[in-house]
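# Make a model of this:
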Amino acid sequence: MFVYKEQERPGGSPLRTIAFTDVDIRPRTYEELAAAKLHAGITIPLEMYNGRIVETDIEGIDTSKYAHITATLVSPFTAKAIGLVRGGWLPSALAATRETAVILPDRNIITEIAGRFDSGKKVGRDPDFLDLFEDDPVRINPMLFAMEGNGRTLPTPEAARAQLEEAVAKLRQALPAATLMVGPGSIDGLLGVIEDVRPGMARKQAFLRHVAPILAAPVARRDVDRRWQETLEAAKDFGVVQASLVVLAVLSTIVNPARCAAKSLLKFHTAYSHADAYNALSDLQALDVLLYCLAFFPEMHTQLCTADRNLALFWVGANASDIVREGKGISFTMTPHDAVLPERYAERWAAEVKAGG
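Next comes the predicted model:
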């Protein structure tokens with residue numbers, strides 16, 4: 001439930017309040033994420049809509065109507081945990097306002113939760129939006145913790161089982177009121193997903209290791225077109241779909257001579273190893289899992305909860321839309337922000353994807 005209370009009124013009149021629930025909050029933009037001081041309090045526009053009014057002392061309010069509120073959120077709470085959702089991002093707790101919402105935390109967030117809570121109570125850290133999950137029956141799916149593993153490679157069945165058990169134990173100790181989306185068939189489902197992604201992961205690792213040495217240093221402007229074409233040819237040779245997040249990330253490193261989110265995710269260097277490629281791909285794989293959840297289970301309002309600002313910037317900058325289920329797979333459209341691909345390169349990429357290049 002959200003309670004909106006006036007801070008002051010002309011003439012010292014009584015302050016009015018309105019309480020509402022089942023609210024939707026509009027995701028925020030790339031520019032707002034890039035500018036946000038996530039570790040020192042946060043100020044962002046707040047657009048809330050479709051809220052069901054449950055209580056108010058404001059005369060003339062029709063409680064059968066829906067609440068729509070536009071304001072500026074100025075909070076001393078940090079937002080180390082970023083909720084990546086359909087259409088953008090929000091501080092984690094604001095991305096889970098529906099009873100149907102599901103949180104998909106990455107490994108760093110589960111570690112943060114385990115250190116922040118004990119038996120559902122905070123243990124003395126600076127205020128953060130994660131604190132709003134205290135004693136909250138929020139729904140959490142710990143599969144990413146187990147999928148990524150702790151060995152810089154896709155885990156074996158035994159390792160995945162152990163990692164899932166570890167994640168469940170940490171979350172139950174930290175947030176006993178939370179609903180963990182695990183059951184008798186969870187491990188079988190998890191192992192099935194890991195085996196499904198294994199061949200594609202191997203192809204993408206080979207692709208990244210091939211392009212890493214030539215992209216380790218910033219690409220000179222005169223070489224951009226040549227490196228762009230070499231990258232697309234390599235993706236084709238290694239069986240990596242051109243309209244994929246990993247190809248978009250590599251192209252972003254080519255056309256951005258300065259630091260960018262994709263460069264920070266891929267971390268190319270001349271001796272790029274199998275494990276280096278896996279580390280980069282595990283982050284992008286989390287975004288792929290988010291896309292599948294949004295397509296297959298749109299009613300669940302899934303958020304990928306991460307502390308990785310660069311991953312968040314890349315997600316918001318990729319600007320995925322029209323995310324829908326298509327048979328056993330999914331389809332979506334990416335319209336990259338200028339910070340990912342400047343406009344002329346975004347148009348070029350879109351044309352090449354459409355042509356099936």
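
# From now on I want contacts and neighbour counts done on CA atoms only, so please keep to that.
OK.

# For the top helix by length along the chain, what is the distance to the chain centroid?
The longest helix of the chain (DSSP state H) is helix 186-215. Centre-to-centre, helix 186-215 and its host chain are 19 Å apart (Cα atoms, centre = their mean, to the nearest Å).

# Mind checking the pLDDT average for it?
Helix 186-215 carries an average pLDDT of 95.

# in that helix, what counts as buried?
187, 190-191, 194, 201-202, 204-212, 215 (16 or more other Cα atoms under 10 Å).

# three-state assignment of the residue nearest the centre of the chain?
When Cα atoms, centre = their mean is applied to the chain, the residue found nearest the centroid is residue 84 (3.2 Å). Three-state assignment for residue 84 (DSSP: H, G, I helix; E, B strand; the rest coil): strand.

# Quick check: it touching residue 311?
No. In this structure, residue 84 is not within contact of residue 311 by Cα atoms under 8 Å, at 9.3 Å.

# so how far is residue 39 from the residue nearest to the centre of the chain?
17 Å (Cα to Cα, to the nearest Å).

# Kindly report the same for residue 265.
From residue 265 to residue 39 the distance is 20 Å (Cα to Cα).

# the more surrounded of those two?
Neighbour count, other Cα atoms under 10 Å: between residue 265 and residue 39, residue 265 has more, with 22 against 14.

# Where does that one sit: helix, strand or coil?
helix.

# ok, which stretches of this protein are helices?
30-35, 107-116, 143-148, 157-174, 186-215, 224-237, 245-255, 261-266, 274-296, 309-318, 343-354.

# of all these, which lies closest to residue 331?
helix 274-296 (8.1 Å; Cα to Cα).

# orientation of that closest one relative to helix 186-215 in degrees?
120 degrees (axes from the mean of the first three to the mean of the last three Cα atoms, to 10 degrees).

# Can I get helix 274-296 in CSV, CA atoms only?
What follows is helix 274-296, C-alpha atoms only, in CSV (Å, rounded to 0.1, in the frame of the first residue of the first chain):
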residue,chain,number,x,y,z
HIS,A,274,37.0,-18.8,-22.1
ALA,A,275,36.2,-17.8,-18.5
ASP,A,276,36.3,-14.1,-19.4
ALA,A,277,33.8,-14.7,-22.2
TYR,A,278,31.6,-16.6,-19.8
ASN,A,279,31.6,-13.9,-17.2
ALA,A,280,30.4,-11.4,-19.8
LEU,A,281,27.8,-13.7,-21.2
SER,A,282,26.3,-14.6,-17.8
ASP,A,283,25.3,-11.0,-17.5
LEU,A,284,23.8,-10.9,-20.9
GLN,A,285,22.2,-14.3,-20.3
ALA,A,286,20.3,-12.8,-17.3
LEU,A,287,18.8,-10.2,-19.7
ASP,A,288,17.8,-13.1,-22.1
VAL,A,289,16.1,-14.8,-19.1
LEU,A,290,14.3,-11.6,-18.3
LEU,A,291,13.1,-11.3,-22.0
TYR,A,292,11.8,-14.9,-21.9
CYS,A,293,9.9,-14.2,-18.6
LEU,A,294,8.3,-11.1,-19.9
ALA,A,295,7.3,-12.9,-23.1
PHE,A,296,6.0,-16.2,-21.6
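
# From the contact counts, what lies against that helix?
Identification of packing neighbours for helix 274-296 by 3 or more Cα pairs under 8 Å, 6 or more residues apart in numbering; DSSP states H and E yields helix 186-215, helix 245-255, helix 261-266, strand 302-306, helix 309-318, strand 320-326, strand 329-334.

# pLDDT averaged over that helix, what's the number?
96.

# and it, how far from the chain's centre?
Distance, centroid of helix 274-296 to centroid of chain: 10 Å (Cα atoms, centre = their mean).

# Buried residues in it, which are they?
Quick answer for helix 274-296 (16+ other Cα under 10 Å): 276-287, 289-296.

# right, and residue 216 touches residue 264 too?
No. Counting by Cα under 8 Å, residue 216 stays clear of residue 264, with 11.7 Å between them.

# Overlap in contacts, these two.
Counting by Cα atoms under 8 Å, 6 or more residues apart in numbering, no residue touches both residue 216 and residue 264.

# Those two: which has the busier surroundings?
residue 216 (18 against 15).

# What sits closest to that one if chain neighbours are left out?
residue 269 (4.5 Å; Cα to Cα, 6 or more residues apart in numbering).

# what phi and what psi does the backbone show at that neighbour?
phi -150, psi 170 (degrees, to the nearest 10).
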